[in-house]
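**Q** Dropping a prediction and its sequence here:
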Amino acid sequence: MDMVKGLITVFWISNYGLHSLALECQLKQEIKVINNKSNDCFRECEFPARPRECGYEFTMVWSSTMAAPCLECPESLVDCEAPQCISTDGSFRAVITTNDLTPGPSIQVCHGDIIRVKVNNYLQDGAGLTIHWHGIHQIDTIWADGVPMITQCPIPSATSFVYKFVADPPGTHWWHSHNGVQRGDGAYGALIVRVPRQTEINRKEYDFDLQEHSILIIDWMSILSLDPLMLASENAVPSHPHTLTLLTNGKGDNTDTPSDTPLTVFEVQEGFRYRMRLVNSAFGECNVQLTIESHPFTIIATDGYELSPVNVDSLILTPGERIDLVIEASSTLKSAYCIYLTTSPHEMCPASGTAILKYKHAHDAVKINSCASPPVNGSLFSTREFSNDVNYTDTFTFRETYAYRGGACCDRQLQNFRTSYAFTRTVVQSSCSGENGQHVNDR
């Protein structure tokens, strides 16, 4: 185990005043970093399981979007992709980066792995910091839950803290700062916990579950996240306008003030089905609606729980929610398609965003102005109750589907939901319900 040197200053008071003594100590280094990009732990999960210990180091600092590393971005898209260039939607503002990234490093492990993360708080404003592992139950490791002043004291400025916990339960999760409004300023990332394919109920629904197909959506403002909160609390009127954009994996283009910054591109190959893991990491109250041009999809999981598959054309994600969908790469009329992001209800939280679904070996790109108008018909999935848009023929919610867990198609957290399969104007009551309304039969 490596040794590192540390400097500790001891203070004490006597009749002669305040005294101090600097002590040089050797401290045990408590974490061995495997790989910040999680490539060593991103693997085909084995059955029976063979858990690994997966180590990471997160260094968090304040940086700036569109800073010097971006050179001639957005005029030069090559410069926009340069290391340490954070283009977001082309706006200029301060941003919290983790290992020079926003979103930060993606943790991708297998169920039962031990995750150890050393977090270095180098935020230049001296603020404290905690990381919450959203979706992890933290059984026997409550101290690692990252809720400031409840499960831990914030990590002081210029110090480090090591989180250690078991990757449980499996599913699509995410991590984010839980201190102040830091999450809205860029301190977030993906946390994916996979299981062996042999144990997945919906394993036959898709061909590939790729590391690069995690989709993190955030409502990104051209001002710091604290500003609108203070303006609202004081009933103040802003002296200058600001923009709000839905970014996908940290990239987007604001339609109000287009800057032609690069969009996130998800590659697929014709003839295969791809699992995509969506996270609504919005800081505000924005529900996000996602539609993929000419590509209906199948919902197979939400918040880490497998669902009875539902085929839809669009979905709504609430803040903090995760949904796994399967898309079939079968539309070949052109080589690139728009992924539309809009807020819902749009009048309460006006914002939009775009990403690109691109077929491999395609050479043409989709411009932002061709992705301005998402389709408004077909079927819609949401886990919340809402007033149905008349333009949608079918609407599905948790009242129309049910969750699987560990071989049984019942999520204990949903026992108070009456399970039914519903269409917009016709509700068919479930043929098999438990005493609390939950499904009790297996597939």
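**A** Right, received. Where do you want to start?
**Q** What are the structural domain limits within the protein?
**A** Domain assignment of the chain by automatic domain parsing yields the ranges 33-199, 203-389, 397-443.
**Q** I'd like the average pLDDT over the longest one.
**A** The predicted model gives domain 203-389 an average pLDDT of 86.
**Q** and what of the shortest one?
**A** Confidence for domain 397-443, expressed as mean pLDDT, is 34.
**Q** Pretty sure Ile299 sits in a strand.
**A** Yes: assessed with DSSP: H, G, I helix; E, B strand; the rest coil, Ile299 lies in a strand.
**Q** Strands along the stretch 1-150 of the chain, start to end?
**A** Secondary structure of the stretch 1-150 of the chain by DSSP state E, counting those that start in this stretch: the strands cover 3-14, 17-28, 53-64, 94-98, 107-110, 114-121, 131-134.
**Q** returning to that earlier point: pipe the domains of the chain into a markdown table and attach mean neighbour count per row.
**A** The C-beta positions use only the backbone N, C-alpha and C, and glycine is treated the same way. Shown next, in a markdown table, are those (neighbours: other Cβ atoms under 10 Å):
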| stretch | mean neighbour count |
| --- | --- |
| domain 33-199 | 19 |
| domain 203-389 | 18 |
| domain 397-443 | 15 |
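**Q** give the contact list for Ser259.
**A** 74, 89-91, 253 (Cβ atoms under 8 Å, 6 or more residues apart in numbering).
**Q** ok, now Glu212?
**A** 266-267.
**Q** Test my guess that Thr159 contacts Asn121.
**A** Yes: using Cβ atoms under 8 Å, Thr159 makes contact with Asn121 at a distance of 6.1 Å.
**Q** For stretch 139-159, list the C-alpha coordinates in CSV.
**A** Coordinates of each C-alpha in stretch 139-159 appear next as CSV, following Å, rounded to 0.1, in the frame of the first residue of the first chain:
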residue,chain,number,x,y,z
ILE,A,139,-27.2,-1.1,2.4
ASP,A,140,-24.7,-1.0,5.4
THR,A,141,-22.9,2.0,3.8
ILE,A,142,-25.2,4.8,4.7
TRP,A,143,-22.1,7.0,5.3
ALA,A,144,-21.4,6.8,1.5
ASP,A,145,-24.8,8.2,0.4
GLY,A,146,-23.4,11.7,0.0
VAL,A,147,-26.2,13.7,1.6
PRO,A,148,-24.5,16.7,3.3
MET,A,149,-25.0,17.3,7.0
ILE,A,150,-27.1,14.1,7.2
THR,A,151,-25.0,11.1,6.2
GLN,A,152,-21.7,13.0,6.1
CYS,A,153,-20.1,16.4,6.5
PRO,A,154,-19.2,18.0,3.2
ILE,A,155,-15.7,17.4,1.9
PRO,A,156,-13.8,20.5,2.9
SER,A,157,-11.9,22.6,0.3
ALA,A,158,-8.5,21.2,-0.7
THR,A,159,-9.1,17.8,0.9
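**Q** what distance separates it from the centre of its chain?
**A** Taking Cα atoms, centre = their mean, to the nearest Å, the mean C-alpha location of stretch 139-159 is offset from the chain mean by 21 Å.
**Q** Could you measure from Ile107 over to Leu231?
**A** As judged by Cβ to Cβ, to the nearest Å, Ile107 and Leu231 stand 35 Å apart.
**Q** residue boundaries of the helices in the stretch 101-250 of the chain?
**A** Assigned by DSSP state H, counting those that start in this stretch, the stretch 101-250 of the chain shows helices spanning 226-233.
**Q** and the residue nearest to Ser352 when sequence neighbours are not counted, what does it touch?
**A** Of all residues not flanking Ser352 in the chain, Thr342 sits nearest, at 5.1 Å (Cβ to Cβ, 6 or more residues apart in numbering). Counting by Cβ under 8 Å, 6+ apart, Thr342 makes contact with 246, 288-289, 291, 351-352, 374.
**Q** same thing but at 7 Å, please
**A** Thr342 makes contacts with 289, 352, 374, as judged by Cβ atoms under 7 Å, 6 or more residues apart in numbering.
**Q** so it is in which element?
**A** Using DSSP states H and E, Thr342 falls within strand 336-344.
**Q** Please name the strands paired to that strand in the sheet, noting orientation.
**A** Applying DSSP bridges to the sheet, strand 336-344 is found paired with strand 287-292 (antiparallel), strand 352-359 (antiparallel).
**Q** So which of those strands is nearest Ser64?
**A** Of all the strands paired with strand 336-344, it is strand 352-359 that lies closest to Ser64, at 21.2 Å by Cβ to Cβ.
**Q** Next secondary structure element downstream of the closest one?
**A** strand 379-382.
**Q** Between the two ends of stretch 336-353, how far is it?
**A** Start-to-end span of stretch 336-353 (Cα to Cα, to the nearest Å) is 16 Å.
**Q** do stretch 203-212 as well
**A** End to end - Cα to Cα - stretch 203-212 spans 19 Å.
**Q** repeat for stretch 321-340
**A** Length of stretch 321-340, first residue to last, Cα to Cα: 18 Å.
**Q** and that stretch, how far out from the chain's middle?
**A** 18 Å.
**Q** same deal with stretch 62-70?
**A** 22 Å.
**Q** cool, stretch 336-343 as well?
**A** 17 Å.
**Q** related to what we said a few turns ago, on the strand side of things, show who the residue nearest to Ser352 bridges to.
**A** Beta-bridge partners, per DSSP bridges, of Thr342: Gln289, Ser352.
**Q** so how far is Thr383 from it?
**A** From Thr342 to Thr383 the distance is 18 Å (Cβ to Cβ).
**Q** Leu231 now?
**A** Distance from Leu231 to Thr383, by Cβ to Cβ: 31 Å.
**Q** Also Asp207?
**A** Asp207 is 26 Å from Thr383, where distance means Cβ to Cβ.
**Q** same check, this time on His132
**A** For His132, the distance to Thr383 - Cβ to Cβ - is 21 Å.
**Q** cool, His346 as well?
**A** 19 Å.
**Q** and if you look at Thr141?
**A** For Thr141, the distance to Thr383 - Cβ to Cβ - is 27 Å.
**Q** now Thr248
**A** Counting by Cβ to Cβ - Thr248 and Thr383 are separated by 20 Å.
**Q** same question, Cys85
**A** With Cβ to Cβ as the criterion, Cys85 and Thr383 are 36 Å apart.
**Q** cool, and Thr354?
**A** Taking Cβ to Cβ, one finds Thr354 at 24 Å from Thr383.
**Q** Show me how far stretch 350-358 is from its chain's centre.
**A** Stretch 350-358 has its C-alpha centroid displaced from the chain centroid by 15 Å (Cα atoms, centre = their mean).
**Q** And Cys338, how close does it get to Arg277?
**A** Relative to Arg277, and taking Cβ to Cβ, Cys338 is found at 20 Å.
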